[in-house]
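Peer 1: build me a model from this:
(chains A, B, C and D)
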There are 2 protein chains.
Amino acid sequence: MAGTGVREVARRAVHAEITSAAEFLFREQGYDATTVDQIAERVGMSQRTFFRHVGTKEDLVLAEFDRQSERMVADLQSRPAGEDPWTSLRHAFEVVVGQREDPTVRERAKLMMSIVETSGTLRAAYFDRMDLVQRQLVDVLLGRAHNTESRVIMRALVGAAFAALHAVSENCDLDDGPDTFAADLDQVLARLAPAVV
Amino acid sequence: MAGTGVREVARRAVHAEITSAAEFLFREQGYDATTVDQIAERVGMSQRTFFRHVGTKEDLVLAEFDRQSERMVADLQSRPAGEDPWTSLRHAFEVVVGQREDPTVRERAKLMMSIVETSGTLRAAYFDRMDLVQRQLVDVLLGRAHNTESRVIMRALVGAAFAALHAVSENCDLDDGPDTFAADLDQVLARLAPAVV
DNA sequence: CCGTTGGTGACAGTAGCTGTCAAAGTTGCT
DNA sequence: AGCAACTTTGACAGCTACTGTCACCAACGG
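Peer 2: Below you'll find the model as predicted:
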């Protein structure tokens, strides 16, 4: 199902080229001011073909977040079932924390985030996807062997953890000092956690 | 600035009529399947005039939430500055809880929420607005006299409280039993709270 | 009574996105 | 190599939310 190899490679290459062109234009003129036609023209393809490869203009920016989300869900699944949710979530967040370690990747992530924050529709779509991951994480946690929590509580728990993640994320994207992401996250989570376990 | 009285009344009446027509159609065929043209035609006006009164199709559904948000911010502002944030927020949430008391209003709110949940763009816009209120609430709390919390912490705190609100909201909209909203909210908030104060 | 002001409709245009169809290119099998 | 099956592509047309423009009409004010 992974395609005929060659075709799949071609697809990825095209997709990468589109993404690169789009990012250039977004950085240059902003997300909203950049039209799909401009991106398509820059890559040298018709608008129709663009949409066959990309699906949505939003996806160009949010695809990265989706990949991260998938990994988060997978990571949470591979945590011991006996572990308390809060700790498990902190470990799942490691995929976000880890990406901050490489300065290049970090800057890229900041850029993406700043683009997201400038566009209303984009920001909205981002939040919607965050909600989706949260639901998936809740399902994972509820499905664990010795779980005793109700869905409502679990939803609130996961939501709270994400609130911490989001707060720290926002904060670190702002100041340009040394990246204190991991430390800040631990601090905020600790502030929210104690009763929660 | 409040208009010439007469005109303002007319405006409100027209707006109400549009809203009513829209809600009928949304309930009948769903949000996405209902076009702006259909709504405009039902009220007997041109599409252009519709947009002069409404601004956005989304607004027809989300205006109610905006009003609630405004009241929440106002309520939070009128709380004693010495009160701990968590308690203050619980009181601010009273505007949501209170609306659940009148069965008519409650059913209407449930309907609205169910419409929001069916449409992707609508859901996304809803989340974006929730984020906006949260930011406003954070600013209020940070502006209080004897506040010692950092912005990050406050953001996480407010986010956690909203996670609880959202979880309970989702839960109560599902089951049709007696409305246990207030009790559930208190329970979930208590579960999240203790360390927080 | 007339000028200003505000609402309205008709028209046209933009941006994102989808369906359709025929042409061109690829792949696989013989 | 040669042919049939499958994919990809571009051109065209269409839909929906939304905005700009302009002329028209009605109410309000002096």
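Peer 1: show me how chain A divides into domains.
Peer 2: Taking the TED database as the criterion, chain A consists of the domains A:1-55, A:57-196.
Peer 1: any chance of those domains in TSV, plus distance to chain B?
Peer 2: Where C-beta positions appear, they are placed from N, C-alpha and C, glycine not excepted. Formatted as TSV, the entries for the domains of chain A read as follows, by distance: least, CB to the nearest CB, whole Å:
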stretch	distance to chain B
domain A:1-55	13
domain A:57-196	2
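Peer 1: out of these, the one nearest B:Leu165 is which?
Peer 2: domain A:57-196 (8.6 Å; CB to CB).
Peer 1: can you give me the offset of stretch A:82-94 from its chain's centre?
Peer 2: In terms of CA atoms, centre = their mean, to the nearest Å, the centre of stretch A:82-94 is found 17 Å from the chain centre.
Peer 1: got the CA coordinates for it in CSV?
Peer 2: Coordinates of the C-alpha atoms in stretch A:82-94 are reproduced here as CSV (Å, rounded to 0.1, in the frame of the first residue of the first chain):
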residue,chain,number,x,y,z
GLY,A,82,0.3,1.6,35.3
GLU,A,83,1.9,5.1,35.1
ASP,A,84,-0.2,8.0,36.2
PRO,A,85,-1.7,10.1,33.4
TRP,A,86,0.1,13.3,34.3
THR,A,87,3.5,11.7,34.1
SER,A,88,2.7,9.8,30.9
LEU,A,89,1.6,13.1,29.3
ARG,A,90,4.8,14.8,30.4
HIS,A,91,6.7,12.0,28.6
ALA,A,92,4.5,12.3,25.5
PHE,A,93,5.3,16.0,25.5
GLU,A,94,8.9,15.1,25.1
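Peer 1: what parts of chain A come near DNA strand D?
Peer 2: For chain A, the residues in contact with DNA strand D under the definition CB under 7 Å from any atom of the strand are A:Arg7, A:Arg11, A:Val14, A:Gly44, A:Met45, A:Ser46, A:Arg48, A:Thr49, A:Arg52, A:His53.
Peer 1: closest to DNA strand C among those?
Peer 2: Using CB to the nearest atom of the strand, A:Arg48 is the member of the residues of chain A next to DNA strand D that lies nearest DNA strand C, at 4.7 Å.
Peer 1: ranking the domains of chain A by burial, who's on top?
Peer 2: Neighbour counts (mean count of other CB atoms under 10 Å in any protein chain shown) averaged over each of the domains of chain A peak at domain A:57-196, with a mean of 18.
Peer 1: mean confidence for that domain?
Peer 2: Predicted confidence along domain A:57-196 averages 93 (mean pLDDT).
Peer 1: residue contacts, A:Ala163?
Peer 2: With contacts defined as CB atoms under 8 Å, 6 or more residues apart in numbering or on different chains, A:Ala163 is in contact with A:Leu192, B:Arg155, B:Ala156, B:Leu157, B:Val158, B:Gly159, B:Ala160, B:Phe162, B:Ala163.
Peer 1: apply 7 Å and report the result again.
Peer 2: Neighbour list for A:Ala163: B:Ala156, B:Gly159, B:Ala160, B:Ala163 [criterion: CB atoms under 7 Å, 6 or more residues apart in numbering or on different chains].
Peer 1: the residue lying closest to the third one once chain neighbours are set aside and A:Asp176, how far apart?
Peer 2: Looking back up the chat, that one is B:Ala160. In this structure, B:Ala160 finds its nearest non-sequential neighbour in A:Ala160, 3.7 Å apart by CB to CB, 6 or more residues apart in numbering or on different chains. A:Ala160 sits at a distance of 28 Å from A:Asp176 (criterion: CB to CB, to the nearest Å).
Peer 1: what strand or helix carries A:Ala109?
Peer 2: Following DSSP states H and E, the helix or strand that holds A:Ala109 is helix A:103-118.
Peer 1: work out the gap between that helix and the centre of the chain.
Peer 2: Between the centre of helix A:103-118 and the centre of its host chain there is 11 Å, according to CA atoms, centre = their mean.
Peer 1: summarise which helices and strands it is packed against.
Peer 2: helix A:57-77, helix A:94-99, helix A:120-142, helix A:151-174 (3 or more CB pairs under 7 Å, 6 or more residues apart in numbering or on different chains; DSSP states H and E).
Peer 1: which among those helices is found nearest to DNA strand C?
Peer 2: Closest approach to DNA strand C among those (CB to the nearest atom of the strand): helix A:57-77, 3.5 Å.
Peer 1: what packs against the helix or strand that that closest one is followed by?
Peer 2: Toward the C-terminal end, the helix or strand that comes next after helix A:57-77 (DSSP H and E) is helix A:85-92. Using 3+ CB pairs under 7 Å, 6+ apart as the contact criterion, the neighbours of helix A:85-92 among helices and strands are helix A:57-77, helix A:151-174.
Peer 1: dump the residue contacts of the residue at minimal distance from the centre of chain A.
Peer 2: Central residue of chain A (CA atoms, centre = their mean): A:Phe65, 2.4 Å from the mean position. Applying CB under 7 Å, 6+ apart to A:Phe65 gives the contacts A:Tyr126, A:Arg129.
Peer 1: go again using 8 Å as the cut-off
Peer 2: A:Phe65 makes contact with A:Met112, A:Tyr126, A:Arg129, according to CB under 8 Å, 6+ apart.
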